[in-house]
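K.L.:
here is a sequence together with a model predicted from it:
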Amino acid sequence: MKGIDIYSETIITDWSKIKNDGVEIVYIKATEGKTYVNPRIDNQYNEAKNLGMKIGFYHFAGKNNVMEEYSHFISTISRYVQDLKPVLDYEVGIPDMNFVAQFMKQDLSLLLYTSHNVADICGLPKSKIWIAEPSSSPTSTGEYAGIQYAWTGRINGIEGNADLDLFSDLVLATNTSTAVKSECTESVQRGDPNVRIIQLQLNTLLEKGLAVDSINGPETIAAIKEFQGIMGLIQDGIWGPNTAGAVGEIYSRPVDSVLAKHYEYATRYIQYRVGAMVDGIFGNGTKIKVQNWQASRGLNSDGIVGNETWAKLFETKS
């Protein structure tokens, strides 16, 4: 299957032309490190999805804590219905093979995009690797899940260079890839490794101090209900698409203020953290609370929740 991989700086001029050029698969950069979110992710996803192309997401690795990066990635992509397996894009100069191993262990559906200097020593089977390997135009991926064969290719509908790929059926999501199914409405089961991610997220957002044991026990369910209450959601203790979407919006760290676009879940979290009335509306009362909170932490007290304020919100919980 012919594919492309894109990021925020990819200049798309006509999605219909991309599809008509034979592109079936689109991998979108979702996140990088533990804070960055592709600002064009919604538009890129919707445009490609509306044309019936198969969509997946990749995370560009930094040099941070594995679980923080993985949680950031999964929280972001959980808002979308995905046709393809999620991907770790690992291009760090001096490879940390422990980072790769630990990240890949978090979800058995994960694929690894990398070059041979990492792929050949990571211990993963080729069926779990999307290899960066310049070629004239391969007719088969061989044993690999995918081959990125050009970085300066040309595709109708994309201005300038395009990353060109050939994929096998190994990249297609299956029913076992529960970590990337935002449409799932059933509660997470005991022993499910995805509970570990939920527990980490709740510990980060609400400072719950939950045992990170992958067991969906009473304390975890109670914490989910507490978070749902803050978000104005039904408090059923089920980690469904609305709850996951609320986390995704918070982790996207949108610029939020009186004059900003309405971000109900992000606003509710901000209000919860700064001691304002939690109603999802960023009014003047919330602005004053934000200004006081910013001033108490040595930030510019402008009442605008931007990158520095979000960083401090995640850094301190009191």
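P.N.:
Happy to help now that I have it. Residues are numbered from 1 along each chain as shown.
K.L.:
now the helices for the stretch 151-300 of the chain?
P.N.:
Assigned by DSSP state H, counting those that start in this stretch, the helices in the stretch 151-300 of the chain fall at 193-206, 218-231, 241-251, 264-274, 284-296.
K.L.:
what's the closest of these to residue 100?
P.N.:
In terms of CB to CB, the element of these nearest to residue 100 is helix 193-206, at 17.3 Å. For the C-beta atoms, the positions are set from N, CA and C on the backbone; glycine is no exception.
K.L.:
gap between residue 253 and residue 305?
P.N.:
Applying CB to CB, to the nearest Å, the value for residue 253 to residue 305 is 8 Å.
K.L.:
was I right to think residue 273 contacts residue 297?
P.N.:
No. Here residue 273 lies out of contact with residue 297, judged by CB atoms under 8 Å, at a distance of 11.2 Å.
K.L.:
neighbour count for these two, which is higher?
P.N.:
Between residue 273 and residue 297, counted using other CB atoms under 10 Å, the more crowded position is residue 273 (23 against 14).
K.L.:
strands of the stretch 1-150 of the chain, start to end?
P.N.:
Taking DSSP state E, counting those that start in this stretch as the test, the strands found in the stretch 1-150 of the chain are 2-6, 11-12, 25-32, 36-37, 54-60, 87-89, 111-114, 129-132, 146-153.
K.L.:
format the ones you listed as TSV; extra columns: distance to residue 242.
P.N.:
As requested, the strands of the stretch 1-150 of the chain are exported to TSV (distance: least, CB to CB, whole Å):
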stretch	distance to residue 242
strand 2-6	28
strand 11-12	30
strand 25-32	20
strand 36-37	19
strand 54-60	20
strand 87-89	26
strand 111-114	28
strand 129-132	32
strand 146-153	33
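K.L.:
OK, contacts around the residue lying closest to residue 133 once chain neighbours are set aside?
P.N.:
Spatial nearest neighbour of residue 133, chain neighbours left out: residue 147 (5.4 Å); criterion: CB to CB, 6 or more residues apart in numbering. Contacts for residue 147 (CB atoms under 8 Å, 6 or more residues apart in numbering) come out as 130-131, 133, 135, 138, 141, 165-166.
K.L.:
pLDDT-wise, what's the bottom of those residues?
P.N.:
Within the contacts of residue 147, pLDDT reaches its minimum at residue 135, with 81.
K.L.:
ok, back up a step: just the closest of the contacts of residue 147 to residue 6, please.
P.N.:
Distance to residue 6 across these (CB to CB) is lowest for residue 165, with 10.7 Å.
K.L.:
so what sits opposite that closest one in the bridge?
P.N.:
Under DSSP bridges, the beta-bridge partners of residue 165 are residue 3, residue 148.
K.L.:
that one against residue 27, yeah?
P.N.:
Yes. Contact status for residue 165 versus residue 27: in contact at 7.4 Å, counting by CB under 8 Å.
K.L.:
tell me which of those two has more neighbours.
P.N.:
residue 27 (29 against 26).
K.L.:
quick revisit: and the helices of the stretch 151-300 of the chain: which comes nearest residue 151?
P.N.:
Distance to residue 151, taken as CB to CB, is lowest for helix 241-251 among the helices of the stretch 151-300 of the chain, at 29.4 Å.
K.L.:
who are the packing partners of that closest one?
P.N.:
Packed against helix 241-251 by the contact rule (3 or more CB pairs under 8 Å, 6 or more residues apart in numbering; DSSP states H and E) you find helix 66-77, helix 193-206, helix 218-231, helix 264-274.
K.L.:
what do you get if the cut-off is 6 Å, keeping everything else the same?
P.N.:
With contacts taken as 3 or more CB pairs under 6 Å, 6 or more residues apart in numbering; DSSP states H and E, helix 241-251 sits against helix 66-77, helix 264-274.
K.L.:
columns distance to residue 157 on top of the ones you listed, output as TSV?
P.N.:
Converted to TSV, those look like this (distance: least, CB to CB, whole Å):
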stretch	distance to residue 157
helix 66-77	24
helix 264-274	33
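K.L.:
pLDDT weak spots in the stretch 51-200 of the chain?
P.N.:
Within the stretch 51-200 of the chain, the stretches with pLDDT under 70 are 174-194.
K.L.:
what about 90?
P.N.:
Along the stretch 51-200 of the chain, the parts satisfying pLDDT under 90 run over 63-72, 74-81, 92-98, 102, 105-109, 117, 121-123, 133-138, 173-200.
K.L.:
quick one, which of residue 253 and residue 305 is more surrounded?
P.N.:
residue 305 (30 against 20).
K.L.:
residue 84: how many residues sit nearby?
P.N.:
25.
K.L.:
ok, it touching residue 168?
P.N.:
No. Counting by CB atoms under 6 Å, residue 168 is not a contact partner of residue 84; they are 11.5 Å apart.
K.L.:
ok, how many other residues are close to the nearest residue to residue 196 once chain neighbours are set aside?
P.N.:
Nearest non-adjacent residue to residue 196, counting by CB to CB, 6+ apart: residue 214, 4.5 Å away. Applying other CB under 10 Å, we find 18 residues neighbouring residue 214.
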